[in-house]
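Trainee: Quick one: sequence plus predicted model below, questions after.
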Amino acid sequence: MAGVVGAGLLLSGFAFADTAKEVEKLAKQYGCSGCHAVDKVVAGPPYRVIAKEYKGKPNAKETLVKSILGGSMMKWQAKAKKYKIKIKMAYMPAQHGVNKEKAEKIVDLILKLDTK
Ligand code: HEC
């Protein structure tokens, strides 16, 4: 029993150390990869830039989960200028492929991305 718990902790330790890979994996699984990657613009903002923008802000998680579930429009036009990136789409449609739990899971990981 103790062994099982130990292995679990070890595994979650790895996931934390390699957050970027974990985000890419979930994004692929959840159908986000067509528009997002961790470090480059696909159609929408890179996850690391999203992390930069929202890390430490109050309600960051709630805001992002809401955008994923309900869609987001024109929010990133000004932010893109700030980060000197070129977003290729003005809106993200509501992501019906994920529920609240999945959206929270990927947002937690996005906000954990190293932004230094
Ligand atoms: C069809 C393309 C597309 C898909 C698919 C897509 N996104 Fe987006 N996403 C965008 C665009 C474009 C924006 C910028 C929207 C804006 O300017 O308001 C965005 C913005 C975001 C943001 C920032 C929202 C905010 O409030 O600032 C997050 C987080 C995000 N996407 C996560 C995801 C996740 C997770 C998935 C998969 C479940 C996903 N996206 C799928 C295009 C997409």
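Mentor: On my side now, so go ahead.
Trainee: Show the end-to-end separation of stretch 95-103, please.
Mentor: Terminal residues of stretch 95-103 lie 9 Å apart, using Cα to Cα, to the nearest Å.
Trainee: Check which residues of it are buried.
Mentor: Under the neighbour-count criterion of 16 or more other Cβ atoms under 10 Å, stretch 95-103 has 95, 98, 102-103 buried. C-beta here means a position set from N, CA and C on the backbone, and glycine is covered the same way.
Trainee: again, but for stretch 35-51
Mentor: Residues of stretch 35-51 classed as buried by neighbour count (16+ other Cβ under 10 Å): 35-38, 41-42, 44-51.
Trainee: Max pairwise distance over the buried residues of stretch 95-103: which two?
Mentor: Maximum pairwise distance among these (Cβ to Cβ): 9.0 Å, between 95 and 102.
Trainee: Check the contact lists of the two and give me the overlap.
Mentor: residue 30 (Cβ atoms under 8 Å, 6 or more residues apart in numbering).
Trainee: Excluding covalently adjacent residues, which one is nearest to residue 42?
Mentor: Leaving out its chain neighbours, the residue that sits closest to residue 42 by Cβ to Cβ, 6 or more residues apart in numbering is residue 35, at 5.3 Å.
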